[in-house]
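Colleague: no letters, just coordinates:
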């Protein structure tokens, strides 16, 4: 009998702290564990007793990168309870704000965290030396995401202008047009990024879990649909039923809750790859061509290609946001109503907000009393939902590599790459 232990303590180039432990006995994977070792952060308890207006800006601190998504998700939950209907213009601004965080996150993940894996580099710093032009372009893309969040949200992280019912400030016509030009200028680089990541060799595996994403007929939704779908199960549900459809459960080796589809018992993946599988037809023509050229089209189940999916989303977001900015700049544009907060009445109730954060679906369920104070809160972050599926995919990958004759160092290296391809935020997973 031969036994090999493979341990990765504090996986590098991810947000937060996570460990991987594999035990291989006689050429077979005996145990495979994704250990999230972050302490509990207690945001769900932190907001109890707070007034509704404070909650989005507390919850945004769950994540510095996805802060815009957490703000908008909480606002949507509150509006669900109060029965608030916002204008088309407010919806467009929210989409711009969320997409700003996509540009921030995807540029950081692709070049700082993921690219070194495929260039035989230990970190991004050798890349900066070896190809300073590429590195500067990547930083410029991330900076553009910061600028978009700052323009719409008032700050590059933890935005302050988005409130229940609308926005407290809106950019000027000239600011919209200047931003549109900047977004368009990045599209050539974004096409090159898709080609770059498509050129990297990855193991040929397929996730055994389901996928889940926001869906809307004829659109690529990120912040304005109530509907989520488990793609394999064919289960589509309103966000208010998220806690009925998603089963969170404890495992002894992780501080984060794991998740699975309650109806099927299957783990699932959420993120860019799931979104492209769910809404391929609604991608821009430019993004669809780039994705097809990269061989990325539904059904695609290789989790390593989440990197390529993020690159495709960057290209899609640049064109989409440039178009939105130009339409918002038109005096008689297509978006009805203003962006100033609409009037509403505070009342008790339960509601769930739902957006597609850069890393995947995020749900916030709030219960408010008659004074608009939080009685109970539940948050489901993308990484917490992904942990169980990541663990299952690590086992699939390890079994394939071992069957192909790989030694322990190669197994370890490829498993680390897989973890990073998921773009996890272990700090957010313990929220």
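Modeller: Okay, I see it. Given the structure is predicted, the values throughout are model-derived calculations rather than measurements. Residues are numbered from 1 along each chain as shown.
Colleague: could you report the neighbour count for the spatially closest residue to residue 167 that is not a sequence neighbour?
Modeller: With Cβ to Cβ, 6 or more residues apart in numbering as the criterion, residue 167 has its nearest non-adjacent residue at 4.5 Å, and that residue is residue 339. C-betas here are computed from N, CA, C, even on glycine. Neighbours of residue 339 under the rule other Cβ atoms under 10 Å: 26.
Colleague: so is residue 339 in a helix, a strand, or just coil?
Modeller: coil (DSSP: H, G, I helix; E, B strand; the rest coil).
Colleague: again with the one 5 residues further on
Modeller: Following three-state DSSP, we place residue 344 in the coil state.
Colleague: circling back: list the contacts of the residue nearest to residue 167.
Modeller: By Cβ atoms under 8 Å, 6 or more residues apart in numbering, the residues touching residue 339 are 87, 89-90, 93, 166-167, 170.
Colleague: wasn't residue 214 part of a strand?
Modeller: Yes - counting by three-state DSSP, residue 214 is located in a strand.
Colleague: quick one: it and residue 71, what's the gap?
Modeller: Remark: distance between residue 214 and residue 71 (Cβ to Cβ, to the nearest Å) = 17 Å.
Colleague: same question, residue 407
Modeller: Counting by Cβ to Cβ - residue 407 and residue 71 are separated by 47 Å.
Colleague: so what's the model's average confidence on the strand or helix carrying residue 96?
Modeller: Using DSSP states H and E, residue 96 sits within helix 88-108. The average of the pLDDT scores along helix 88-108 is 96.
Colleague: distance from the chain centre to it, please.
Modeller: Once both centres are worked out by Cα atoms, centre = their mean, to the nearest Å, helix 88-108 turns out to sit 12 Å from its chain's centre.
Colleague: if you count neighbours, what's buried in that helix?
Modeller: With burial defined by 16 or more other Cβ atoms under 10 Å, the residues of helix 88-108 counted as buried are 89-90, 92-108.
Colleague: where do the strands sit along the stretch 51-200 of the chain?
Modeller: Using DSSP state E, counting those that start in this stretch, the strands of the stretch 51-200 of the chain run over residues 162-163, 166-167.
Colleague: can you list the ones you listed in TSV and add distance to residue 425, mean neighbour count and mean pLDDT?
Modeller: Formatted as TSV, the strands of the stretch 51-200 of the chain follow (distance: least, Cβ to Cβ, whole Å; neighbours: other Cβ atoms under 10 Å; pLDDT from 0 to 100):
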stretch	distance to residue 425	mean neighbour count	mean pLDDT
strand 162-163	21	22	96
strand 166-167	27	22	98
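Colleague: as CSV, the ones you listed with distance to residue 327 would be great.
Modeller: Formatted as CSV, the strands of the stretch 51-200 of the chain follow (distance: least, Cβ to Cβ, whole Å):
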stretch, distance to residue 327
strand 162-163, 19
strand 166-167, 16
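Colleague: these: which one's closest to residue 374?
Modeller: Closest approach to residue 374 among those is made by strand 162-163 (16.5 Å; Cβ to Cβ).
Colleague: I'm done for today, thanks for sticking with me.
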